[in-house]
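Trainee: fold the following for me, if possible:
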Amino acid sequence: MAQNLRATGLQNTDTNQASARIDHQFSAKDTSYFRASVFDAREADPFGSGVLQESLLPGFGRDLSTHALNGAAGWTRAMNTGLVNEARFGVLVVAGGQTSPNAGNPFATQNGLAGVVADPRDAGYPQVSFGGQFTTIGDPALFTFRRNRDFEGYDNLIWHRGRHTVRVGAYIMHYDLEPVNPNAARGIFSFTPRWTSSAPGLADGSAFADFLLGYPTIAQAGLGRAAIEARTNWLHFYAQDSWQIAANLRLEIGVRYEYNQNMTDSGNQMAAIDTSVPGGRFVVASDGSGRISQAAKALLASLPVPFVPSSEAGWDNSLLASRPLRLAPRAGLAWVIPGRLKTAVRAGLGIYPNQAAYSIVTNLAQNLPFFLAKTVSSAAAGSPAFTTESALAADTVGTAGGNNLDHNLR
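Mentor: Alright, predicted model coming up:
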């Protein structure tokens, strides 16, 4: 256990890890290995997300955790002097993220704060800022947590004959991604010296006085947990020939085929914005019959533009165009210049397929009708449009945020 005393308070960090290793030779032709490790880290940050943020108040911090299990095994068999096969398998399980020490606190219910999260897993104190005049107080705006599982298998066959060394192989992966992103679930309220700027003795105004009056300038909330249970499978094949044309010249020629399934959510709780039609529309992940998740019903009325199920739009439930044909050729050479044995020329080329990062794909879960990123602003003139309690009420007109990803990403 490690404890770090700092000028701002006490940050507790507890890290534990263990590993095991086994190597075994079954015969002159067969060898194997096994590796396993466990990693566990827990950290309490009573002052929030920073390490040395003296301006933050204690009590509104966060807890960090990471728990990982990793295993790998391999078997190599030498079939003869020119033929070797290698098989490998790996698994990784990771869980952790940020949690609130104040999770479950019914502050909103007790104080009549409307329009924020009702889920006790994400309830707590709202975040309140004072235009830089005073310290920000309240819980952090974002607590991200995830449970991920990764299973991978490889098989490589190496055949050496004459001047050729041929390698062929296959790779398979199954990946489960289960993030939770209740962004701004407890509410974010920003106060500026707007309504008290002309009060006696407050020539420059006071954001804290506006706070005491209960007149925020901007209020934000995230409705929904943005939680998904996403899945994907990968299947790759490759073949490569290393040809020793001459003592000073080697040529490498190969090709790789990659099928990377687009990530899908088991509950179809994802949506994307389609800008290819006039005025735009939301495309909501659905099954082949056009049925969307029941979880969409609560926020369907908040959609600012029409929506269609993905099957009606001609999309699958990943909301991304499938790319089943992904060929990746490779070529390279190494040439030692005759008469100049200290000089070698090397060259290579290849095509390397790419795809959207999963951290970006998960943004599709933070879209209406499953998640509402809501912002309301009070007009600069006149009287306050709302109070702290009513700013995020369900019938308040506000701006709904959204995320997008190019459907035809290449």
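
Trainee: Thr362 looks like it's in a helix, true?
Mentor: Yes. Residue state for Thr362 (DSSP: H, G, I helix; E, B strand; the rest coil) corresponds to a helix.

Trainee: surely it touches Ile228?
Mentor: Yes. Counting by CB atoms under 8 Å, a contact exists between Thr362 and Ile228, whose distance comes to 6.6 Å. Where you see a C-beta, it was placed from the backbone N, CA and C, and this is true even at glycine.

Trainee: need the overlap of contacts for those two.
Mentor: The overlap between the contact sets of Thr362 and Ile228 (CB atoms under 8 Å, 6 or more residues apart in numbering) consists of Leu177, Pro179.

Trainee: now do the contacts for the closest residue to Ala393 other than its chain neighbours.
Mentor: Counting by CB to CB, 6 or more residues apart in numbering, the nearest residue to Ala393 once its immediate chain neighbours are dropped is Ala114, at 4.3 Å. With contacts defined as CB under 8 Å, 6+ apart, the neighbours of Ala114 are Ala108, Glu389, Ser390, Ala391, Leu392, Ala393, Ala394.

Trainee: please, which helix or strand holds the first one?
Mentor: Put plainly, it is Ala108. Secondary-structure assignment from DSSP states H and E places Ala108 in helix 107-111.

Trainee: ranges for the strands of the stretch 1-150 of the chain?
Mentor: With DSSP state E, counting those that start in this stretch as the definition, the stretch 1-150 of the chain shows strands at residue ranges 2-6, 9-25, 30-45, 62-80, 83-99, 127-129, 145-161.

Trainee: so Val91 makes contact with Gly71?
Mentor: Yes. Val91 lies in contact with Gly71 (CB under 8 Å); the separation is 4.8 Å.

Trainee: could you list the low-confidence segments of the stretch 301-410 of the chain?
Mentor: Along the stretch 301-410 of the chain, the parts satisfying pLDDT under 70 run over 381, 396-397.

Trainee: swap the cut-off to 90 and go again
Mentor: Within the stretch 301-410 of the chain, the stretches falling below the threshold (pLDDT under 90) are 301-305, 322-326, 338-342, 353-363, 372-374, 378-386, 393-410.

Trainee: please, where are all the helices along it?
Mentor: Defined through DSSP state H, counting those that start in this stretch, the helices belonging to the stretch 301-410 of the chain, from first to last, are 310-313, 358-361.

Trainee: need the winner for burial among these.
Mentor: With neighbours defined as mean count of other CB atoms under 10 Å, these peak in mean count at helix 310-313, which reaches a mean of 19.

Trainee: thinking again about what came up before, which residues does the helix holding Ala108 contact?
Mentor: Applying CB under 8 Å, 6+ apart, the external contacts of helix 107-111 come out as Leu113, Ala114, Val116, Val117, Ala118, Ala123, Gly124, Tyr125, Pro126, Arg186, Gly187, Glu389.

Trainee: near Leu212, how many other residues are there?
Mentor: Residue crowding around Leu212 was assessed by other CB atoms under 10 Å; the count is 10.

Trainee: tell me, what's the model's pLDDT at it?
Mentor: Reported pLDDT at Leu212 in the predicted model: 92.

Trainee: and it, which of the three is it?
Mentor: Three states are possible here, and by three-state DSSP the one that applies to Leu212 is helix.

Trainee: ok, now which ones touch it?
Mentor: The neighbourhood of Leu212, defined by CB under 8 Å, 6+ apart, contains no residues.

Trainee: would you check that Gly290 makes contact with Pro309?
Mentor: Yes. Between Gly290 and Pro309 there is a contact at 4.2 Å, judged by CB under 8 Å.

Trainee: of these two, who's got more company?
Mentor: Between Gly290 and Pro309, counted using other CB under 10 Å, Pro309 has the larger neighbour count: 19 against 13.

Trainee: any idea what that one is bridged to?
Mentor: Note on Pro309: beta-bridge partners by DSSP bridges are Val284.

Trainee: isn't it up against Ser286?
Mentor: Yes. Applying CB under 8 Å as the test, Pro309 and Ser286 come out as touching, 3.5 Å apart.

Trainee: shared neighbours of the two, anything?
Mentor: Taking CB under 8 Å, 6+ apart as the criterion, Pro309 and Ser286 both touch Ile292.

Trainee: burial count for Ala184?
Mentor: Ala184 has 22 nearby residues by other CB under 10 Å.

Trainee: what's the answer for the one 3 residues further on, then?
Mentor: A count of nearby residues for Gly187, using other CB under 10 Å, gives 29.

Trainee: residues contacting the residue lying closest to Met79 once chain neighbours are set aside?
Mentor: When the adjacent residues along the chain are set aside, Met79 lies closest to Asn85, with 6.6 Å between them (CB to CB, 6+ apart). Residues in contact with Asn85 (CB under 8 Å, 6+ apart) are Thr76, Arg77, Met79, Asp155, Asn156, Leu157, Ile158.

Trainee: neighbour count added to these, as a markdown table?
Mentor: A markdown table is the format used below for the contacts of Asn85 (neighbours: other CB atoms under 10 Å):
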| residue | neighbour count |
| --- | --- |
| Thr76 | 17 |
| Arg77 | 15 |
| Met79 | 11 |
| Asp155 | 15 |
| Asn156 | 16 |
| Leu157 | 16 |
| Ile158 | 18 |
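
Trainee: if we can go back for a sec, among the strands of the stretch 1-150 of the chain, which is nearest Arg346?
Mentor: Across those, Arg346 has its closest neighbour in strand 145-161 (21.7 Å, CB to CB).

Trainee: thought Gly90 was touching Gly74?
Mentor: No. With contact defined as CB under 8 Å, Gly90 does not reach Gly74; the gap is 9.0 Å.
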